[in-house]
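Student: Sequence and predicted structure, then a few things I'm wondering about:
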Amino acid sequence: MRGILTTLSLLMLIAFVGTACGGRTSHSTTETAPPENYGDVIASDAATDLDPSLQAAVGWAQRFTYYSRSGINDSTTRVTGILLVPKGSPPSGGWTIVAYGHPATGTLPGCGPSISPTLLDSSGVVQQLLQAGYPVVMSDYQGLGSLDKIRDRPGRDTYHPFLDSTTVGYNLIDSVRAARQLIDRAVGQASPSWLAFGVGQGGQAAWAANELAANQGWNLTLIGAVAVSPVADINGLADAAQAGTLTSQQQLDLQAFLAGVKNGYGDDFDLDDYRGGIVKQKWDALLACDTAGLEERAVIAGQITPEDLRPHSAAALATLRGYLKRASLPQGPTQAPMLVIYGDQDPLMPAAWTEAALERACEMGDVITIRHLPNDAPDPLDMPEALDWMAQRVNSVPAPNDCGGQTS
């Protein structure tokens, strides 16, 4: 899986691989008024400052703010994102949109990739999807957009619930509804059929969206989901923290997870039951996503000891297990076939954890094409197999099912 890590390092600013936790410039700007329907576009602006290599594949692009849903408390939230449409005319039946779930980029407002000309180094993957003829919509995920875009009425959730799979799953689904609105208004027809594609935290978002699509997707039809190095079953973080065996990446992601739980549950969750030493002293600095902050964060990360993230009591350990179980996938059966690509060297997700999630998903009746890449495997983000798998779903070819050794 070394190939995965090489490319992911370009996609993540720093190896901040994560996933979702939780339960189940200005040219003409448009504003829409309530009601706050999930996926309604609140505001949109032409994206004219994209990296030239990306711009070459784009016919039309918009940054936008839309309504979505919190997986923590079901409140309506404001989320930012970007839509990129390929050059040319839509095919018969309309464009099939791909919702791209980006790798983890941080946990604070301003950490979203939509404002970056290179999409925080996700441009290579997005460019390949565009060249394959798909419009691509990328959500920043709840709480990662600029505060001036996401700030809502007092009391609304503008934080990022890191590792809340339900929230990012909702964010992906609702971004597709928003993208269809924008496409239908401006450049042609969008199909109700769509695909999900995600890496790392985005892989969990794509998987979670597949589980949620039947209820949250109303007028949409998800026809397939690709999850590369997905953060799925993270139950093992609690026992690893207790045993003092967390990897460096797991330490950083657990800290960010704890911050998200605190933001989501407030006084019901006591952070000081789970942190000490330099983690407690430098808590805010460890959450940074800006360039200068990342340099300091890397220095601090090298000083974290096992004691700094060890639960302080048996009760605290049991509580952490509960939150992680609520965050882990699968939570339920999926709607559409799925391609899962994972390897042996993921710094957050040991292969055994991914395999445990896949085993439970298969038991639920999911249709999954499974690609387990050994240490020396080629980089999955070359994407030929993923693109071919997606094209087959568009063309209604039955998906290979490695759960049951059959197609469906």
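Tutor: Looks like it arrived, so ask away. Residues are numbered from 1 along each chain as shown.

Student: quick one, helices of this structure?
Tutor: With DSSP state H as the criterion, the chain has helices at 2-11, 52-55, 123-131, 147-150, 165-186, 201-216, 236-243, 248-265, 277-281, 291-301, 314-327, 351-363, 384-394.

Student: what's the spacing between the fifth one and its chain's center?
Tutor: So that's helix 165-186. On the basis of Cα atoms, centre = their mean, to the nearest Å, helix 165-186 sits 13 Å off its chain's mean C-alpha point.

Student: What of the second one?
Tutor: Averaged C-alpha coordinates place helix 52-55 at 23 Å from its chain's average position (Cα atoms, centre = their mean).

Student: Please list the outside residues in contact with it.
Tutor: 84, 117-119, 123, 126-127 (Cβ atoms under 8 Å, 6 or more residues apart in numbering). Placement of C-beta: from N, CA and C, glycine included.

Student: Got a ChimeraX select line for the buried ones in these?
Tutor: Selection of buried members from these for ChimeraX, criterion 16 or more other Cβ atoms under 10 Å:
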select :84,119,123,126,127
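
Student: ok, so of the contacts of helix 52-55, who is nearest Gln242?
Tutor: Leu119 (37.5 Å; Cβ to Cβ).

Student: circling back to that earlier point, for His102, which of the helices of the chain is the nearest?
Tutor: Nearest to His102, of those and by Cβ to Cβ, is helix 201-216 at 4.9 Å.

Student: and that closest one, which residues are buried?
Tutor: 201-213, 216.

Student: quick one: which of these is nearest Ser229?
Tutor: Gly203 (5.6 Å).

Student: where in the chain is pLDDT low?
Tutor: For the chain, the stretches with pLDDT under 70 are 1-36, 151-157, 376-382, 405-408.

Student: what residues are up against the spatially most central residue of it?
Tutor: What sits nearest the mean C-alpha location of the chain, by Cα atoms, centre = their mean, is Gly202, with 2.7 Å. Contacts for Gly202 (Cβ under 8 Å, 6+ apart) come out as 19, 100-103, 168.

Student: The closest residue to Glu296 other than its chain neighbours: what's it in contact with?
Tutor: In space, and not counting its chain neighbours, Glu296 is closest to Ala285: 5.5 Å by Cβ to Cβ, 6 or more residues apart in numbering. If a contact means Cβ under 8 Å, 6+ apart, then Ala285 has 293, 296-297, 300 as its contacts.

Student: Just the endpoints, please. Distance across stretch 385-403?
Tutor: Terminal residues of stretch 385-403 are spaced 19 Å apart (Cα to Cα, to the nearest Å).

Student: Can you give the distance of that stretch from its chain's centre?
Tutor: For stretch 385-403, the separation from the chain centroid amounts to 21 Å (computed by Cα atoms, centre = their mean).

Student: Where do the domain boundaries of the chain fall?
Tutor: Domains of the chain are assigned by automatic domain parsing as 2-233+328-407, 236-326.

Student: How far does the first one sit from its chain's centre?
Tutor: Right, domain 2-233+328-407. The chain centre lies 6 Å from the centre of domain 2-233+328-407; the measure is Cα atoms, centre = their mean.

Student: With stretch 299-307 instead?
Tutor: The chain centre lies 26 Å from the centre of stretch 299-307; the measure is Cα atoms, centre = their mean.

Student: Stretch 274-282 now?
Tutor: The answer for stretch 274-282 is 27 Å, by Cα atoms, centre = their mean.
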